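[1] sequence below, structure please.
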Amino acid sequence: MSNNQMLQAQEGTGSTFDVHGIEPVPYESRTSGQLDQFWIWAGANVAPINWVLGAIGIQLGLSLVETLLVIVIGNVLGCALFGAMCVIGHRCGVPQMVLSRLAFGRRGAWLPTLMQVLMPMGWVAINTWIVLDLAVAALDRMGIGGGIELKYAIAVAVMVIQVGIATWGFHAIRYFERYTMPFVLAIMVAMTVLAFTHVDIHWHVSTAHGIGKLSAMSKLMTAIGIGWGISWLVYASDYTRFTKPTLTSRQVFRATSLGMFLPTVWLALLGAAIASAGTGTDPSQLIVAAFGAMALPVLLVLVHGPVATNIVVIYSAALATLSLDLRVPRWAVSAVSGIVALLILYLFLRSGTFASTFEDTMVFFVVWIAPWAGIVLVDFFVIRRGSIDVDALYRHHTVSGCGDIKWSGVAALSLGVFAAWLFQIGSIESMQGPIAIAMGGIDLSWLAGLAVGGGSYYLLHLGRRQVRSSQAPLVDNRSST
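    Down below sits the predicted model:
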């Protein structure tokens, strides 16, 4: 039985196990609609970390109105970039890191792919770790105590659930988000109403002025504005490759970008609004404390958040690993990713200092995504005009039309990462770029990385084309007599 016949047989019997690896998804297996994509990305962004990130603007001295303005404008831009990347997956039916071979070469793409393999395991641990204190607080509100042992139990339970769903594959992720998100959104509506009626919100109180205000706005833009959407670009095509071929690019763009925009802005506003009360307490902790009888529903949202986020991350990590030409089952890679993440989470629980240092390191790694995204978007939409040879992505590097190592892509990525670092303001000294410091702490790392990465790649492409044209043999069109 062929692979396609096996897929059809499984789908015909109602099996939802995803047997797809990194090969192009055949048309008969592309059954995901607009609502599926909306729920997947909405679920991935209904995470408690967005409550915390939303409070950054208030903590940096911005007013609630200024904070909301930055978050909305930033997410309009960031989600637009994300929607464009999702369109690529819809058109090609190919995972994101396989598509990187277009710009970096058949084996040159191993460089960004390796980063994508390493990052998710750390983010899974961080996302789970962030929610543990909140979950314990919610349980304590219901009269259930347990200290560190309870944290370990919750951590293991959450990790087993999310690794199991991610290992099962795309179909399990789709159904999990489809059937849980409507209930989660209903709880969020109730939480929002209670939060806005129980907290003394201040809309126009601001303590930042002049260059300090611009610096605060730039940091917020990087954390939860456009920077948030950019951080998801490396996962986009892994899911839209399953979209129905009958959908238009506009439909895919709208479903995915809105799926990310709505919950991100919603939760960030909720966190910022509560933080504006000026109590100095973590906004997500305030939410748990303020809801009283709603402690159980809040607990469900808290636990659902990291699971819905991490299943997307773990599944994509497995696809990225397979993109390194490793011949191992996808489910095995997902399981190993979960084990590594659980080990990192254990170290978090043992040492808060390690957790803080590790999180700073993970933020540093994210610098590569903006220039990588600029290169991929320019290559697909500008240079190739959306037309590619999918088969070339999978041929051996010696015969692939993508080439072995595309040095123009590698060079552009290096220039973009360097430019992003120059304009970055991080929490540790090595992550503070000289230009950003000279500008008074204004962080434009995402813009510098995106522009320099994509721009230099395009210029290098033009240069190569001119060299090829100059080396082409001249043809004498004069008629001979």
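
[2] contacts, neighbours, all on C-alpha from now
    Will do.

[3] report the buried residues of the lengthiest helix in the chain.
    Longest helix of the chain, by residue count under DSSP state H: helix 110-141. By 16 or more other Cα atoms under 10 Å, the buried positions in helix 110-141 come out as 110, 112-132, 134-139, 141.

[4] can you check stretch 158-174 too?
    158-160, 162-174.

[5] can you list contacts of it?
    Applying Cα atoms under 8 Å, 6 or more residues apart in numbering, the contact partners of stretch 158-174 are 16-19, 36-37, 39-40, 128, 239, 303, 307-308, 310-312, 314-315, 330-332, 334-335, 338, 342.

[6] ok, 6 Å please
    Residues outside stretch 158-174 that contact it (Cα atoms under 6 Å, 6 or more residues apart in numbering): T16, F17, D18, V307, I311, Y315, W331, S334, G338.

[7] ok, now stretch 250-268?
    By Cα under 6 Å, 6+ apart, stretch 250-268 touches Q34, Q37, F38, W41, A42, N45, V46, N50, W51, G54, C79, G83.

[8] low-scoring stretches of this structure, by residue?
    For the chain, the stretches with pLDDT under 70 are 1-16, 279-293, 295, 352-365, 427, 430, 471-481.

[9] center of it, which residue is that?
    W232 (1.9 Å; Cα atoms, centre = their mean).

[10] just to revisit the earlier point, please narrow the buried residues of stretch 158-174 to those residing in helices.
    If you go by DSSP H, the buried residues of stretch 158-174 have 158-160, 162-168, 170-174 in helices.

[11] follow-up on the earlier one: what about the closest residue to the residue nearest to the centre of the chain other than its chain neighbours, how many residues nearby?
    Nearest non-adjacent residue to W232, counting by Cα to Cα, 6 or more residues apart in numbering: F82, 7.0 Å away. By other Cα atoms under 10 Å, the residues close to F82 number 29.

[12] quick one: which of the contacts of stretch 158-174 is nearest V72?
    V307 (25.4 Å; Cα to Cα).

[13] dump the residue contacts of that closest one.
    So V307 contacts Q162 (Cα under 6 Å, 6+ apart).

[14] secondary structure element for it, which one?
    According to DSSP states H and E, V307 maps onto helix 295-322.

[15] any buried residues in that helix, and which?
    Under the neighbour-count criterion of 16+ other Cα under 10 Å, helix 295-322 has 295-299, 301-322 buried.

[16] what do you get for stretch 100-113?
    Those would be 100-110, 112-113, for stretch 100-113 by 16+ other Cα under 10 Å.

[17] over to stretch 178-185?
    R178, M181, V184, L185.

[18] from the ones in helices among the buried residues of stretch 158-174, which is closest to L270?
    Ranked by distance to L270 (Cα to Cα), these are led by V158 at 24.6 Å.

[19] ok, the closest one to D238 distance?
    The gap separating V158 from D238 is 23 Å, by Cα to Cα, to the nearest Å.

[20] tell me the angle the helix or strand that the helix holding V307 is followed by makes with helix 295-322.
    Next helix or strand after helix 295-322 toward the C-terminus (DSSP H and E): helix 330-350. Per axes from the mean of the first three to the mean of the last three Cα atoms, to 10 degrees, the angle that helix 330-350 makes with helix 295-322 is 130 degrees.

[21] can you list the residues that contact helix 330-350?
    M121, A125, V163, T167, A318, A355.

[22] farthest-apart pair in those residues, please.
    T167 and A355 (26.2 Å).

[23] would you mark the buried spots in the helix or strand harbouring W39?
    Using DSSP H and E, W39 sits within helix 34-45. Buried positions in helix 34-45, judged by neighbour count with 16+ other Cα under 10 Å: Q34, D36, Q37, F38, W39, I40, W41, A42, G43, A44, N45.

[24] kindly indicate which of those residues lies nearest K244.
    Checking those against K244 with Cα to Cα, the nearest one is Q34 at 8.7 Å.
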